[in-house]
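**Student:** got a sequence here, can you model it:
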Amino acid sequence: MSIEIKVPQLPESVTDATLLAWHKKEGDAVARDENLVDLETDKVVLEVPAPSSGTLQEIKIAGGTTVTSGQVLAILLEGAGATARPPANAETQLAEQAELENAEVRALKSVASAHKLSPSVRRLLDEHDLDAIIVTGSGKDGRITKADVMSYLKSHADENVTPGDPAPAVAAGHVPAIAGRNEQRVPMTRLRARIAERMVEAQHSAAMLTTFNEIDLTKVISLRKRYKEAFEKEHGERLGFMSFFVKASVEALKKFPVVNASVEGSDVIYHDYYDIGIAVSSDRGLMVPILRDVDRQSFAEIEGNIAALAKKAGDGTMTMEDLTGGTFTITNGGIFGSLLSTPILNPPQSGILGMHAIQDRPMAVDGEVLVRPMMYVALTYDHRIIDGREAVQFLVSLKHSLEDPGRLLLQL
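**Tutor:** Numbers count the residues shown, from 1 in each chain. As a prediction, the model looks like this:
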């Protein structure tokens, strides 16, 4: 029986997707639930699994094509004994000749395909037009990791032209590039294009202003050092800085609810819940998965949920549900060494907190000059609905909570 493989129902906020790459070709046998093709939306990459075991009879949509919900991607012939659709006579001769010429290559590829590739590795290979067979895997049973692909790309950095790309035409009067000074034009991915679009949208639609403060993290660092091992042993999670900042942000948001609000047309929408977006970096770009109802979560739950979302971002398994919503965002440029920045709002939110690197600096403390671990923090806010007084006091509240962590326990 023939089964139509269709684009799954896309989320309400997503109108279309781009077909990234097929993982099977016409005539290939497929197993039930095996991923056939990757579809990239503005936010995530969706996998389309086989609904049944059988043979991929016909591929109707090529890679790079924009598709919509319900569109037929391919035809699957169900059953273990299914065979591919026979091609026309002229095509048959060409196909047979190609099969003979590429027999050895297919044999090698079949060995490589025995090691299942993670979605992130598959995308990295597709983006650079690489065949898995040319990358040596260092993982278990020879499995290829992202580090293996990046190592291969680094060792072949002088090969600047993507395999299969046509030679660039030289315009009349244009001087050819000097050796070692080649250029490569690469189109933005949908996610990168969407990030760019949202950044420009935020700049144009909100009256963004940033205010700063600095926080002495002596007591937080001391607390982490004292209980780090016991915390991990008890909860199975590493005690990081982010849970302290999330907790302190929630207390500040409770005091200044307009920072937790959003703008919709001429209305201000106040939220009585706290869904905090945590900006995480991935190979595909910046993502902001959401921690929901963080005011009801413990330190261990917050740390565990952040770790799980970061792993999803790295593996390329983030879902639309993970990225939808959010009332406030926290971004930590400090993990990359940033000392100070002005983060951009994540529309329609009205506030975003920027964390930065911790540096030992001389500070005046009770009339003495002491070296303290200090962090600059930045709050970018929508000045249409948030006054400077509220923004400054939000950061002051955050500062008080983190310089005296006992306030978080007592919700002061």
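
**Student:** dump the residue contacts of the closest residue to D28 other than its chain neighbours.
**Tutor:** Distances taken as Cβ to Cβ, 6 or more residues apart in numbering place L56 nearest to D28, at 5.1 Å, with adjacent residues excluded. Just so you know, the C-beta spots here come from the backbone N, C-alpha and C atoms, and that holds for glycine as well. L56 makes contacts with 24-30, 36, 74-77, 84, as judged by Cβ atoms under 8 Å, 6 or more residues apart in numbering.

**Student:** do that again at 7 Å, thanks
**Tutor:** K24, E26, G27, D28, V30, A74, L76 (Cβ atoms under 7 Å, 6 or more residues apart in numbering).

**Student:** F256 now?
**Tutor:** Listed by Cβ under 7 Å, 6+ apart, the contact set of F256 reads E390, Q393, F394.

**Student:** narrow these to those that are buried.
**Tutor:** Neighbour counting by 16 or more other Cβ atoms under 10 Å classes E390, Q393, F394 among the contacts of F256 as buried.

**Student:** inside strands: which ones of these?
**Tutor:** Among the buried ones among the contacts of F256, no member falls in strands (DSSP state E).

**Student:** just give me the closest of those residues to R296.
**Tutor:** In terms of Cβ to Cβ, no member of those lies closer to R296 than F394, at 21.1 Å.

**Student:** mind listing what that closest one touches?
**Tutor:** With contacts defined as Cβ under 7 Å, 6+ apart, F394 is in contact with A252, F256, V259, L379.

**Student:** is it true that the first one touches V396?
**Tutor:** Pointing back at A252 there. No: assessed by Cβ atoms under 7 Å, A252 is found out of contact with V396, at 8.5 Å.

**Student:** counting contacts, what elements does the longest strand seen in the chain pack onto?
**Tutor:** The longest strand of the chain (DSSP E) is strand 368-382. With contacts defined as 3 or more Cβ pairs under 7 Å, 6 or more residues apart in numbering; DSSP states H and E, strand 368-382 has these neighbours: strand 208-216, helix 218-235, strand 351-355, strand 358-365, helix 388-403.

**Student:** change it to 6 Å
**Tutor:** Counting contacts by 3 or more Cβ pairs under 6 Å, 6 or more residues apart in numbering; DSSP states H and E, strand 368-382 packs against strand 208-216, strand 351-355, strand 358-365, helix 388-403.

**Student:** give me whichever of the ones you listed is most buried.
**Tutor:** When those are scored by mean count of other Cβ atoms under 10 Å, the highest mean neighbour count falls to strand 351-355 (a mean of 26).

**Student:** what's the spacing between that strand and its chain's center?
**Tutor:** Chain-centre distance of strand 351-355: 18 Å, with Cα atoms, centre = their mean, to the nearest Å.

**Student:** show me what that strand is packed up against.
**Tutor:** strand 328-332, strand 368-382.

**Student:** want to throw those into a markdown table with distance to A279, mean pLDDT and mean neighbour count?
**Tutor:** Shown next, in a markdown table, are the helices and strands packed on strand 351-355 (distance: least, Cβ to Cβ, whole Å; pLDDT from 0 to 100; neighbours: other Cβ atoms under 10 Å):
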| stretch | distance to A279 | mean pLDDT | mean neighbour count |
| --- | --- | --- | --- |
| strand 328-332 | 4 | 95 | 23 |
| strand 368-382 | 12 | 96 | 19 |
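
**Student:** now mean pLDDT too, for the helices and strands packed on strand 368-382, in TSV please.
**Tutor:** TSV is the format used below for these (pLDDT from 0 to 100):
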stretch	mean pLDDT
strand 208-216	96
strand 351-355	96
strand 358-365	94
helix 388-403	96
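
**Student:** export those to a markdown table and tack on distance to A230?
**Tutor:** Formatted as a markdown table, the helices and strands packed on strand 368-382 follow (distance: least, Cβ to Cβ, whole Å):
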| stretch | distance to A230 |
| --- | --- |
| strand 208-216 | 24 |
| strand 351-355 | 25 |
| strand 358-365 | 23 |
| helix 388-403 | 21 |
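
**Student:** any idea which of the ones you listed gets closest to L339?
**Tutor:** Proximity to L339, assessed across the helices and strands packed on strand 368-382 by Cβ to Cβ, is greatest for strand 358-365 (7.0 Å).

**Student:** quick check: the nearest residue to D126 once chain neighbours are set aside vs S341, distance?
**Tutor:** In this structure, D126 finds its nearest non-sequential neighbour in A21, 4.4 Å apart by Cβ to Cβ, 6+ apart. Computed as Cβ to Cβ, to the nearest Å, the A21 to S341 distance reads 35 Å.

**Student:** same deal with T55?
**Tutor:** Counting by Cβ to Cβ - T55 and S341 are separated by 53 Å.

**Student:** who has more neighbours, those two?
**Tutor:** Taking other Cβ atoms under 10 Å, T55 and S341 do not tie; T55 has more neighbours (21 against 17).

**Student:** quick one: distance of the host helix or strand of that one to the chain centre.
**Tutor:** Element membership for T55, per DSSP states H and E: strand 54-59. Relative to its chain's centre, strand 54-59 lies at 31 Å (Cα atoms, centre = their mean).

**Student:** and stretch 220-231, which residues are buried?
**Tutor:** V220, L223, R224, F231.

**Student:** to clarify, my last question referred to stretch 337-344.
**Tutor:** Buried positions in stretch 337-344, judged by neighbour count with 16+ other Cβ under 10 Å: S338, S341, P343, I344.

**Student:** end-to-end on that stretch?
**Tutor:** Stretch 337-344 has its terminal residues 18 Å apart, counting by Cα to Cα, to the nearest Å.

**Student:** what's the average pLDDT for it?
**Tutor:** Summarised as a single mean, pLDDT over stretch 337-344 is 92.

**Student:** same deal with stretch 243-262?
**Tutor:** If you average the pLDDT over stretch 243-262, you get 96.

**Student:** and which of the contacts of F256 is nearest to S138?
**Tutor:** Checking the contacts of F256 against S138 by Cβ to Cβ gives F394 as the nearest, at 46.8 Å.
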